[in-house]
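A.B. asks: here's my sequence, what's the structure:
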Amino acid sequence: MTDRLKGKVCLITGGGRGLGKAMALAFAAEGPKAVAISYVSNEAYAEETCEAVAELGSTAYMTPVEVTDRESIKSWVNHIVDAEDQIDVLVNNAGINRQGPIDTVTEPDWDEIMAVNLKGPFLVSQEVLPLMVEAGGGRIINIASVSGLYGGPTTAHYAASKAGLISLTQVLARWGAEHNILVNSISPGIIETELTREELRSGGGAGVVALTLLKRPGEVGDVSSIAVMLASDEQNYMTGQTISPNGGSYFTD
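C.D. replies: The predicted model follows:
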């Protein structure tokens, strides 16, 4: 354990499982004042993550939040500020995906994925930005996807939402620069989590892995380590950027 996040209060949407959990634990190992995660329905997973954060020495919070609903977000943010007086780091991680070629995407699916993956980070950021301005700075990290960089062929709505999130990152970075708010995105490729493990072992998943240069999926630490770096004060000159740990997904033999 080190103290790269010493004294900071960190918020992570969708922090109960997968990459969100990995980032929550990676943050907690760096000495923050508090780590707050949001979840929607998987309370048991969120509770497990919250307990693990507390065991690492940080104050831990878990709150059910609907990221498409401004009042739900406001309630969460106000609760954390009332308890901790500050928010230093926001990770917009909550997201959903449904696979299928573009001619099978339904309008309700499109609307739901855009709402969670793009509107959600916009709303949460809007609620947190004034607090960061008042505090003299902060960090926002948006979890996008390599699909948003090259247009995932079987995830049209997901890819479009993540491309939009990368653009939102740039817009927020422009706005936040004069307030010392640094905004960046992480666009992971194929990362093995408890949510993706079965898919990666299937024929389709294995085929996608084969398209990377490294011929293997990434690990959650490949993403959480970048998040820690972006959240810490060791990096003070990076904003509006997209970092993509993807194993060389842009290249084929």
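A.B. asks: report how many residues lie close to the residue nearest to S147 when sequence neighbours are not counted.
C.D. replies: Leaving out its chain neighbours, the residue that sits closest to S147 by Cβ to Cβ, 6 or more residues apart in numbering is A159, at 4.1 Å. For every residue, glycine as well, the C-beta is placed using N, CA and C. Counted with other Cβ atoms under 10 Å, residues neighbouring A159 total 23.
A.B. asks: check the one 4 residues further on too.
C.D. replies: For A163, the count of nearby residues is 20 (other Cβ under 10 Å).
A.B. asks: ok, now Q235?
C.D. replies: Q235 has 15 nearby residues by other Cβ under 10 Å.
A.B. asks: list the contacts for the spatially most central residue of the chain?
C.D. replies: Centroid-nearest residue in the chain: N93, 2.4 Å away (criterion: Cα atoms, centre = their mean). Counting by Cβ atoms under 8 Å, 6 or more residues apart in numbering, N93 makes contact with I12, T13, G14, G15, L19, G20, M23, I143.
A.B. asks: ok, so of those, who is nearest E51?
C.D. replies: E51 has its nearest neighbour among the contacts of N93 in G15, at 12.9 Å by Cβ to Cβ.
A.B. asks: packing partners of the helix or strand encompassing Y45?
C.D. replies: Here Y45 sits within helix 43-55, counting by DSSP states H and E. In terms of contacts (3 or more Cβ pairs under 8 Å, 6 or more residues apart in numbering; DSSP states H and E), helix 43-55 is packed against helix 18-28, strand 34-39, strand 59-64.
A.B. asks: just the CA trace of the helix or strand following the last one, in PDB.
C.D. replies: Beyond strand 59-64 on the C-terminal side, the first helix or strand identified by DSSP H and E is helix 70-84. Taking only C-alpha atoms (Å, rounded to 0.1, in the frame of the first residue of the first chain), the coordinates of helix 70-84 have been written out as PDB:
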ATOM      1  CA  ARG A  70     -30.600  13.700 -11.800                       C
ATOM      2  CA  GLU A  71     -32.400  13.600  -8.500                       C
ATOM      3  CA  SER A  72     -30.900  10.200  -7.700                       C
ATOM      4  CA  ILE A  73     -27.400  11.600  -8.500                       C
ATOM      5  CA  LYS A  74     -28.000  14.800  -6.500                       C
ATOM      6  CA  SER A  75     -29.000  12.800  -3.400                       C
ATOM      7  CA  TRP A  76     -25.800  10.600  -3.700                       C
ATOM      8  CA  VAL A  77     -23.500  13.500  -4.200                       C
ATOM      9  CA  ASN A  78     -25.000  15.600  -1.400                       C
ATOM     10  CA  HIS A  79     -24.800  12.600   0.900                       C
ATOM     11  CA  ILE A  80     -21.000  12.200   0.300                       C
ATOM     12  CA  VAL A  81     -20.300  15.900   0.500                       C
ATOM     13  CA  ASP A  82     -22.300  16.200   3.800                       C
ATOM     14  CA  ALA A  83     -20.200  13.400   5.200                       C
ATOM     15  CA  GLU A  84     -16.800  14.200   3.800                       C
END
